[in-house]
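Asker: Let me see the structure of the following:
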Amino acid sequence: MNQFSFVRVALTAVFLAAPLCAQIDLSGNWGAMFSEDQPERIPGPELGDYLGLPINDANRLRADSWSSSRLTMPEQQCRVHVSPYIYRGPTNLRIWEEKDPETQALLGIHVYSQTYEQNRTIWMDNRPHPPEYALHTWMGFSTGKWDGEILTVYTTHIKTGWVRRNGLVESDRATLTEHFIRHGDILTHVSILSDPAYLTEPLIKSQDFNLNTRYNGNWLYPCESVEEVVGRPEGAVPNYLPGENPFLKEYETAHPMVPYEAARGGAETMYPEYRLKLKAMAAAGASAK
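Answerer: A predicted model of the protein is given here:
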């Protein structure tokens, strides 16, 4: 064996013995777990509860003006949850890989969400994101890379959608960074939402999924809009003018230990240090009685 043949054999052995990266397989059927933020994810958030969200005044005003009756409009009844929010609800996920048949290189990772029957592709072939004026969709345009055993995904071109289902939204200028982390039969999804229009700081959320090896449940979402409110004038959109929403104080009444100022949200309310301010508010309220 000459020198060049020896080197070639040695390099081939090294290549076959060690993976190119530490990526893992996320494929499978995954069912959502609801032990985290359950009231927000299943029954839905209470009106006027903006606590713990880094919203700005524009987002707060938009939510204050929002009426839940808007969801009765036919064009709103089957409105899809956008990719930064869709993982928060009672959804099932199916994940599978797409590989080049000739080279077996990973081209993309596909994610099907049972909620609204949404298909999403996370491109893994280093393709660029489209220009800013390109079409925005519910799932957006996503590219991914492996950081060790963590799949990191960056998404742009997302339509306007929920931050919280009580009127708080993200704009179509929002971008999303995600981390998919698998530990055996548990898949953790971490989302980091940035929005220059409606958020003053990134909003970080996480949710977990269980691997379902015997799951044969319903993967369809046959949503069909109907006329829920008869006689509504054409073009009318339910809303409240500033200061006229009668439901904003309901949260404070139901949760007297949470001051109204805290329920109004803002980046400050996200951090543990805010508890000190809550104690000061409670003490001031007690002394005023």
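Asker: Poorly predicted segments of the protein, please.
Answerer: Scanning the chain for pLDDT under 70 picks out the ranges 1-22, 215-216, 285-286, 289.
Asker: where do the helices sit along it?
Answerer: Listed in chain order, the helices of the chain (DSSP state H) span 3-17, 38-41, 57-65, 74-77, 250-254, 260-263, 274-288.
Asker: Okay, P238 and P43: tell me how far apart.
Answerer: Noted for P238: a distance of 21 Å to P43, by C-beta to C-beta, to the nearest Å. Using the backbone N, CA and C atoms, a C-beta is placed for each residue, glycine as well.
Asker: go on, Y251?
Answerer: Y251 is 14 Å from P43, where distance means C-beta to C-beta.
Asker: ok, these two, which is more surrounded?
Answerer: Shown here are Y251 and P43; by other C-beta atoms under 10 Å, Y251 has more neighbours (19 against 8).
Asker: any residues touching stretch 192-205, and which ones?
Answerer: For stretch 192-205, the surrounding residues in contact (C-beta atoms under 8 Å, 6 or more residues apart in numbering) are 37, 53-56, 58-59, 62, 84, 88, 163, 168-171, 173-178, 190-191, 266-267, 270.
Asker: Write the ChimeraX selection for whichever of these are buried.
Answerer: Filtering the contacts of stretch 192-205 down to the buried ones (16 or more other C-beta atoms under 10 Å) takes a single ChimeraX command:
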select :53,54,55,56,59,84,88,163,168,169,170,171,174,175,176,177,178,190,191,266,267,270
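Asker: Which of the contacts of stretch 192-205 fall in strands?
Answerer: Those of those mapping onto strands are 163, 168-170, 175-178, 190-191, per DSSP state E.
Asker: Adding distance to Y154 as columns, could you present those in JSON lines?
Answerer: Formatted as JSON lines, these follow (distance: C-beta to C-beta, whole Å):
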{"residue": "V163", "distance to Y154": "19"}
{"residue": "L168", "distance to Y154": "23"}
{"residue": "V169", "distance to Y154": "21"}
{"residue": "E170", "distance to Y154": "16"}
{"residue": "T175", "distance to Y154": "7"}
{"residue": "L176", "distance to Y154": "7"}
{"residue": "T177", "distance to Y154": "6"}
{"residue": "E178", "distance to Y154": "8"}
{"residue": "V190", "distance to Y154": "13"}
{"residue": "S191", "distance to Y154": "12"}
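Asker: how about those, which pair is most distant?
Answerer: V169 and V190 (21.1 Å; C-beta to C-beta).
Asker: and the nearest residue to I186 once chain neighbours are set aside, what does it touch?
Answerer: Counting by C-beta to C-beta, 6 or more residues apart in numbering, D208 is the residue found nearest to I186 once chain neighbours are left out, at 6.0 Å. Listed by C-beta under 8 Å, 6+ apart, the contact partners of D208 are 32-33, 35-36, 186-189.
Asker: And D37, by the same measure?
Answerer: If you count contacts by C-beta under 8 Å, 6+ apart, D37 has them with 88, 205, 207.
Asker: Equivalent analysis for R41, please.
Answerer: Contacts for R41 (C-beta under 8 Å, 6+ apart) come out as 32, 34, 88-90, 207.
Asker: now, the most widely separated pair of those?
Answerer: Farthest apart among the contacts of R41 by C-beta to C-beta are P90 and Q207. That separation is 11.1 Å.
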